[in-house]
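Novice: what's the 3D shape of this:
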Amino acid sequence: MKNIFKGLGLGLVTSALVLGMGAVSALADTTYAVNAITESAGLTINSAAASNLVLGSALTSGTLTLGSATQTGITTLYGSTSGANVLFGNVTTGSISNGAGLTSGTYTLGNATQTGATTLYGAVTGGANTLFSNATTSNIAVGGALTSGTLTLGGATATGVVTVYGGTSAANVLFNNVTGGSIAAGAGLTTGSLTLGGSSMTSGVTTIYGGTGTGAITLTPGTAGTIVIGAAAGTGAISIGTSTGIEATNIATGGTGAKTITIGDGASTGTTTIKAGSGGIVLQGTVSGNNSILSSSATGGVGYATGAGCAVTQGTNRTTGVTCTGESGAITLFTAAGSATLFSFTVTDTSVAAFDTVVVSQKSGTDTYEAFVTNVGAGSFKVSIIDGNGTTSEAPVFNFAVVKAVAS
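Specialist: Numbering: from 1, shown residues only. Take a look at the predicted model:
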């Protein structure tokens, strides 16, 4: 009798399933066992168009499995085309694993042709949100097929920290395919700090490459901002323009505004060294300072370069004034016989200030002359000469140099 009722019960279950599932292919084999329904062909479970279909609604601590661990086919979950589709909407403290057993296959979120948004949310407070934590030697591509869209890391209003780690020995590359576009790092930064390189790095190198055109690397502060290179206290070196090729290193060039360029710190006890090649150092404009300018060169020294001097030949007689505008120059006297009588002439030179010192010396001539500078004024000075030992008729040359000086 027990077996009769059991058979009758199984028959009733079978009838209910057939009525609930609709017609099944006549060529398919359906097997019913305790807690199992096996179908040799396609199996469809439908609900009414507007009703709910629930699988495992009373499940608490058991396991709900869709598909088989050894299957080779495709498991597809379709959702509403307009509504919000939710998976694991009630999970609050548990773990959710998608593709946990995946080894050599491909795990895809979103569709290659989709136009909607794919969003991954993480913990909002203390949790650590991790993607691809077990990828050790493989490649990870985020937005690999992106063409004209936008790839965003972090939120526009985020107050937390967004960190991108790289390999400790490999070459880490960002934006290596950008050829004609623009790359902006910290474009929206207002009061924060933008840091390249780590404050604790020891033997590493931070390198910024630019293009081959003009203005390849530009550092531009705000209207009242400041750009500081080498602000941290260290013992290393800051080098600008160390290429072995032919190059130009420009600092504060361009524009018409007033610029102040400071090299070194007046409070420092170190030495600021500016080295130049065979071309020398060219300074345009007034050079001033509150310390001494010394030269240790046995062949160079401190003086004037080409362009600062002048040359003039005296006319009429040896008391005729001459005009020679320059910080240094050469004056060729009128041709005449030497005399033990002192003679004087005025040199008009607009580069001379009232408190300057003018030095004059004999450059050429057979006789030995004594020359003195008297009556230095703004724009002129007077030279007085006497022939000390002869009467040779000649046109000797005298050199002069102006040493800038003040009385306060």
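Novice: Identify the residues contacting the closest residue to residue 322 other than its chain neighbours.
Specialist: Among residues not flanking residue 322 along the chain, residue 312 sits closest, at 4.7 Å (C-beta to C-beta, 6 or more residues apart in numbering). In this view, the C-beta of every residue, glycine as well, is placed from N, C-alpha and C. If you count contacts by C-beta atoms under 8 Å, 6 or more residues apart in numbering, residue 312 has them with 322-324, 329-332.
Novice: Tell me if I am right that residue 312 is in a helix.
Specialist: No - using DSSP: H, G, I helix; E, B strand; the rest coil, the assignment for residue 312 is strand, not a helix.
Novice: about what we covered before: quick check on the contacts of residue 312: which are buried?
Specialist: 322, 324, 329-332 (16 or more other C-beta atoms under 10 Å).
Novice: could I get those as JSON lines with pLDDT, distance to residue 341 and secondary structure?
Specialist: Supplementary listing: the buried ones among the contacts of residue 312 in JSON lines, determined by pLDDT from 0 to 100; distance: C-beta to C-beta, whole Å; DSSP: H, G, I helix; E, B strand; the rest coil:
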{"residue": "322", "pLDDT": "98", "distance to residue 341": "20", "secondary structure": "strand"}
{"residue": "324", "pLDDT": "98", "distance to residue 341": "24", "secondary structure": "coil"}
{"residue": "329", "pLDDT": "98", "distance to residue 341": "25", "secondary structure": "strand"}
{"residue": "330", "pLDDT": "98", "distance to residue 341": "24", "secondary structure": "strand"}
{"residue": "331", "pLDDT": "98", "distance to residue 341": "19", "secondary structure": "strand"}
{"residue": "332", "pLDDT": "98", "distance to residue 341": "20", "secondary structure": "strand"}
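Novice: which one among the residues you listed gets closest to residue 57?
Specialist: Distance to residue 57, by C-beta to C-beta, is smallest for residue 329 among these, at 106.9 Å.
Novice: who does the closest one bridge with?
Specialist: Residue 329 forms beta bridges with residue 310, residue 400, as assigned by DSSP bridges.
Novice: How much space separates it from residue 86?
Specialist: The spacing between residue 329 and residue 86, counted by C-beta to C-beta, to the nearest Å, is 93 Å.
Novice: Likewise for residue 165?
Specialist: Using C-beta to C-beta, residue 165 is found at 32 Å from residue 86.
Novice: what helix or strand is residue 90 on?
Specialist: For residue 90, there is no host helix or strand (DSSP states H and E).
Novice: Can you report how many residues lie near it?
Specialist: The local packing of residue 90 (other C-beta atoms under 10 Å) involves 6 other residues.
Novice: What of residue 346?
Specialist: Residue neighbour count, defined by other C-beta under 10 Å, stands at 16 for residue 346.
Novice: same thing with the one 5 residues further on?
Specialist: Number of residues near residue 351 (other C-beta under 10 Å) recorded here: 16.
Novice: right, and it touches residue 328 too?
Specialist: No - Residue 351 is beyond contact range of residue 328, at 9.4 Å (criterion: C-beta atoms under 8 Å).
Novice: which residues in the chain form helices?
Specialist: For the chain, the helices defined by DSSP state H occupy 2-21.
Novice: What residue spans form the domains of it?
Specialist: 2-39, 309-403 (automatic domain parsing).
Novice: just checking, residue 334 touches residue 317?
Specialist: Yes - counting by C-beta under 8 Å, residue 334 touches residue 317, with 5.5 Å between them.
Novice: Of those two, give the one with the bigger neighbour count.
Specialist: Under the criterion of other C-beta under 10 Å, the comparison of residue 334 against residue 317 puts residue 334 first, with 15 against 12.
Novice: What is the least confident helix or strand in this protein?
Specialist: Least confident element among the helices and strands of the chain, by mean pLDDT, DSSP states H and E: helix 2-21 (a mean of 44).
Novice: which residues of the stretch 201-350 of the chain fall in strands?
Specialist: 309-313, 322-323, 328-332, 336-337, 343-348 (DSSP state E, counting those that start in this stretch).
Novice: Convert the C-alpha atoms of the longest one to CSV, please.
Specialist: Provided in CSV are the C-alpha atoms of strand 343-348 (Å, rounded to 0.1, in the frame of the first residue of the first chain):
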residue,chain,number,x,y,z
PHE,A,343,99.2,118.7,-22.2
SER,A,344,95.6,117.7,-21.5
PHE,A,345,92.5,116.9,-23.5
THR,A,346,88.9,115.9,-22.7
VAL,A,347,87.4,112.5,-23.5
THR,A,348,83.6,112.6,-23.9
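Novice: ok, now how distant is residue 284 from residue 307?
Specialist: For residue 284, the distance to residue 307 - C-beta to C-beta - is 11 Å.
Novice: swap that for residue 150, please
Specialist: Computed with C-beta to C-beta, the distance linking residue 150 and residue 307 is 57 Å.
Novice: likewise residue 292?
Specialist: Computed as C-beta to C-beta, the residue 292 to residue 307 distance reads 25 Å.
Novice: what do you get for residue 97?
Specialist: Look at residue 97 and residue 307: by C-beta to C-beta, they are 79 Å apart.
Novice: cool, residue 289 as well?
Specialist: Here residue 289 is placed at a distance of 22 Å from residue 307 (C-beta to C-beta).
Novice: Ok, residue 63 next?
Specialist: Residue 63 sits 92 Å away from residue 307, going by C-beta to C-beta.
Novice: rewinding a little: turn the domains of the chain into a markdown table, columns for distance to residue 241.
Specialist: Listed next are the domains of the chain as a markdown table, based on distance: least, C-beta to C-beta, whole Å:
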| stretch | distance to residue 241 |
| --- | --- |
| domain 2-39 | 77 |
| domain 309-403 | 31 |
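Novice: Before I go, just wanted to say thanks for your time.
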